[in-house]
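> prediction below, plus the sequence it came from.
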Amino acid sequence: MYFTVVPLAWAGSVAFHQSMLPLAESSATKLPLVLMSTNPAAVEAALKEVCSCRPLIHGANRDNIDAMVKLSVANKLPLVISEGGGLEALGALAAKAKAGGADVLVLDFGDQPLSNIIG
């Protein structure tokens, strides 16, 4: 599966690549859009520009889960949860997101093979 990925924040900055957003949202690409940032303010700013194309929000973690769930629920968008602390920690964050109203979740196990995580 291929996606158009728009990295939103570098080193915690709210600034994002505005020149990339119109291209990502336009008909220039038929690929689904993924907004990647662990900074909820950067995601919120980008959603004002591209929410109509229903992007996937990527970047929820233990430090920002509440704010990212609020963005996902308010905009009715799917949310990616990443957690490097193992399967139990990822499951706990997913349960928290579901309890907060997020209904479409993608779980990101990181770069480890799934067999290493569950084995």
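Looks like it came in fine.
> not counting its neighbours along the chain, what's nearest residue 63?
Excluding the flanking residues, the one nearest residue 63 by Cβ to Cβ, 6 or more residues apart in numbering is residue 38, at 7.2 Å. Where C-beta positions appear, they are placed from N, C-alpha and C, glycine not excepted.
> what residues does residue 93 make contact with?
Residue 93 makes contact with 60, 61, 62, 65, 81, 83 under the criterion Cβ atoms under 8 Å, 6 or more residues apart in numbering.
> top of the residues you listed by number of neighbours, please.
residue 60 (30 neighbours; other Cβ atoms under 10 Å).
> and the residue nearest the centre of the chain, which of the three is it?
The residue lying closest to the centre of the chain (Cα atoms, centre = their mean) is residue 58, at 1.5 Å. Secondary structure, DSSP: H, G, I helix; E, B strand; the rest coil: residue 58 is strand.
> quick check, it in contact with residue 33.
No: with contact defined as Cβ atoms under 8 Å, residue 58 does not count as touching residue 33 (10.3 Å).
> buried set for the one helix or strand residue 95 maps to?
Taking DSSP states H and E as the definition, residue 95 sits inside helix 87-99. By 16 or more other Cβ atoms under 10 Å, the buried positions in helix 87-99 come out as 90, 93, 94, 96, 97.
> any chance of JSON lines for the residues you listed, columns pLDDT and distance to residue 77?
Below are those laid out as JSON lines (pLDDT from 0 to 100; distance: Cβ to Cβ, whole Å):
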{"residue": "90", "pLDDT": "92", "distance to residue 77": "20"}
{"residue": "93", "pLDDT": "97", "distance to residue 77": "17"}
{"residue": "94", "pLDDT": "97", "distance to residue 77": "16"}
{"residue": "96", "pLDDT": "98", "distance to residue 77": "17"}
{"residue": "97", "pLDDT": "98", "distance to residue 77": "12"}
